[in-house]
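J.: just the structure for this:
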Amino acid sequence: MEKQPNIVVMFLDDSGWNDFRPFSETPYPTPHVERLAGMGCAYQQCYVPQAVCSASRASLLTGCFPERHKVYGAIPPRARGLDPSFATAAEVLKKAGYATAVVGKWHVGDQPETRPPQRGFDESSGLMYSNDMWRHHPEVRRFDSCALQYWKNDEVIIDDVSPQQQKMLTTWYTEDAVDFIHRHQEQPFFLYVPHNMPHVPLHVSDKFDGKSKAGLYGDVIMEIDWSLGQVMDALESTGQMEETLVIFTSDNGPWLSYGNHAGSTPYREGKATAFDGGTRSACVMAYPGHIEAGTVSTKAFNTVDLLPTWARLAGAELSQEDVDGRDVWDLLTNQPGASNPHTYYPFSTARTFEGIITGDGKWKLHLPHTYKTVAEAGQDGKPGRYEDAFIDLSLFDMEEDPLETTNVFDRYPEIGKQLQQTAEAHRTAWWEKPE
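T.: Okay, here's the model as predicted:
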């Protein structure tokens, strides 16, 4: 077996497809994301199974869809979250000899048995949930009386995070990530860096305040780019870059309700919808000598596929019966004849199953469902107003129409009916079972 690679995952919160180059011509520089893409591949069709915080994170960590692990939407503080019977990536890789750490936003359970130290992470630091789940939120919500706590290795070190301390979150996470890399050069490691930003409320350190000349959101994105650069520099200075798989992506699309404090996407809708604006995340991976440098891939995959892929690279044991994802390494490395092993991927919002997309990313079927669309965007940290919308049974050709504008069910009835049958069978098998 080849040497086990280090695995570093930087998982952003509510980042938009257009936030970073090379995916869009941004009004501010993002040199380190471009640097990573130059060393590896920019993936154009990376999906998450549900475009909301906790569900997306639980799926990344377990390789399971929300209908299996039962973590839906965004869980509140004091929630048990992900059932410990579902092995996390840290637990899987730890058994294969990996050192493990998470620095950033956890948000899959803050009870004793569901915190990072009990879920396979040797080291942990950061917030247990979203940085807007605090008493300073502009709207009144039932859980905002809870203090926003900063944890380190299962201990609270800041009991009530202040706005001034929020400015330091990205810096603190970066410093802890770099420190972990420098201290773990003798064994393979799994480093998970789920930044709180650019989830609202936006905060940025003094070193990036005003630097983008594109408002606070641009400043925040530039600091995230800096964070990636610091991690890459640490890998290079310790001679580990050549033996590390680095992944940079987001849990879902932008929270459009927040207007100038949200990112943007060319795709339809955004966070908390099953349209591609919510479920398609810009993704860059680099692993020198394995992923061809400076490439672009349009092949579809889902974040549930990452854990099985990591297990393959690490030589770790993983029962395919326990996870929904599949090993897609040949797809990610563009091997001749490689194809997606999935017939379809399901997608959902909260506790509502809404449709499927074929494994090759060609056809997407929406079952009839309601969704929230922004009627009026907010400004400067205050949310806007949503209204209810409805989509009927719809088939989209994602190669010809990635923006999901034209329903072609009547044009391709055989394909549409076959996918409808597949979707209804999935609904019956997974969503109509008693929990």
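J.: chain center to stretch 389-396: distance?
T.: 25 Å (Cα atoms, centre = their mean, to the nearest Å).
J.: for it, buried residues please.
T.: The neighbour-count check on stretch 389-396 (16 or more other Cβ atoms under 10 Å) flags 391, 394-396 as buried. Where you see a C-beta, it was placed from the backbone N, CA and C, and this is true even at glycine.
J.: in CSV: those residues, plus pLDDT and secondary structure.
T.: Below are these laid out as CSV (pLDDT from 0 to 100; DSSP: H, G, I helix; E, B strand; the rest coil):
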residue, pLDDT, secondary structure
391, 98, strand
394, 98, strand
395, 99, strand
396, 99, strand
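J.: now for the residues you listed: which two are most distant?
T.: 391 and 395 (11.3 Å; Cβ to Cβ).
J.: which neighbours do these two have in common?
T.: residue 366 (Cβ atoms under 8 Å, 6 or more residues apart in numbering).
J.: export the buried residues of stretch 389-396 as JSON lines, with columns for distance to residue 7.
T.: Conversion of those to JSON lines gives the following (distance: Cβ to Cβ, whole Å):
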{"residue": "391", "distance to residue 7": "37"}
{"residue": "394", "distance to residue 7": "37"}
{"residue": "395", "distance to residue 7": "37"}
{"residue": "396", "distance to residue 7": "34"}
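J.: mean confidence for the lengthiest helix in the chain?
T.: Looking across the chain with DSSP state H, the single longest helix is helix 215-237. In this model, helix 215-237 has an average pLDDT of 98.
J.: the helix or strand that it is followed by - what's its average pLDDT?
T.: Moving toward the C-terminus from helix 215-237, the next helix or strand (DSSP states H and E) is strand 244-250. For strand 244-250, the mean per-residue pLDDT is 98.
J.: which elements pack onto strand 244-250?
T.: In terms of contacts (3 or more Cβ pairs under 8 Å, 6 or more residues apart in numbering; DSSP states H and E), strand 244-250 is packed against strand 6-12, helix 31-39, helix 215-237, strand 280-286, helix 306-314.
J.: residues contacting that strand, please?
T.: 5-15, 33, 36, 40, 46, 228, 231-232, 235, 281-287, 290, 303, 306, 310, 313.
J.: for stretch 267-279, same thing?
T.: For stretch 267-279, contacts defined as Cβ under 8 Å, 6+ apart pick out 14, 16-17, 47-52, 73, 252-256, 262, 265, 280, 347-350, 354-355, 364, 366, 369, 371-374, 398, 402-405.
J.: burial check on the nearest residue to residue 152 once chain neighbours are set aside, number of neighbours?
T.: Closest residue in space to residue 152, ignoring its immediate chain neighbours: residue 125 at 4.4 Å, by Cβ to Cβ, 6 or more residues apart in numbering. The tally of other residues near residue 125 (other Cβ atoms under 10 Å) stands at 23.
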